[in-house]
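[1] Just need the structure, nothing else, for what follows:
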Amino acid sequence: MVGQTDPITRQDRERFTIIKQHCGCLCCLLMGWLDVHASIEHITEAGRRRGHRASLGLCGWHHFGTCHRGRHKPEMTRDFGPSLANGRKPFEEYFGDELEILLPIQNYLLDRF
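    Numbering: from 1, shown residues only. Prediction:
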């Protein structure tokens, strides 16, 4: 774990539920892959978590670098883009900065619910 965050609130829990149940993995969604299960990734800055509101839904590949069943890393990178676990720089070069690009997109989607 990168750092501690404030205790989770009811609004934070609702945010996480909507991300998991309705948005799925944001990176997969941006690439046209729909309904890909997501876990919550807290955005960090200077080694510290920014809080529960600065969070994204990412699948096992984009968050942890875990390949989908039967696939290998080169194939995953080719078909789904780079994993955050394999380096922030290639991930952000491909998908955009987490704070400036991805978080506003995630929040836009959440505002629709």
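[2] Which strands or helices does the least confident helix or strand in the chain by mean pLDDT pack on?
    Scoring the helices and strands of the chain by mean pLDDT, DSSP states H and E places strand 48-49 at the bottom, with a mean of 72. Under the contact definition 3 or more C-beta pairs under 8 Å, 6 or more residues apart in numbering; DSSP states H and E, strand 48-49 sits against no other helix or strand. In short, each C-beta sits where N, CA and C put it, glycine included.
[3] Can you list the strands that it pairs with?
    If you go by DSSP bridges, strand 48-49 pairs up with strand 44-45 (antiparallel).
[4] What separation is there between W61 and H37?
    Separation of W61 from H37 (C-beta to C-beta, to the nearest Å) stands at 11 Å.
[5] When the two are compared, which one has more neighbours?
    More crowded of W61 and H37, by other C-beta atoms under 10 Å: W61, with 26 against 11.
[6] hmm, who's touching the helix or strand that contains the more buried one?
    Assigned by DSSP states H and E, W61 belongs to helix 60-64. When contacts are defined by C-beta atoms under 8 Å, 6 or more residues apart in numbering, helix 60-64 is touched by residues 25, 27-28, 37-39, 41, 66-68, 76, 80-81, 83-85, 91.
[7] Counting neighbours, which bits of the one helix or strand L56 maps to end up buried?
    Element membership for L56, per DSSP H and E: strand 55-58. In terms of neighbour count (16 or more other C-beta atoms under 10 Å), strand 55-58 has its buried residues at S55, L56, G57, L58.
[8] List the residues that contact the second one.
    To tie it back to what came earlier, the one meant is L56. Per C-beta under 8 Å, 6+ apart, neighbours of L56: I19, L26, I40, E41, I43, E98, L102, L103, Q106.
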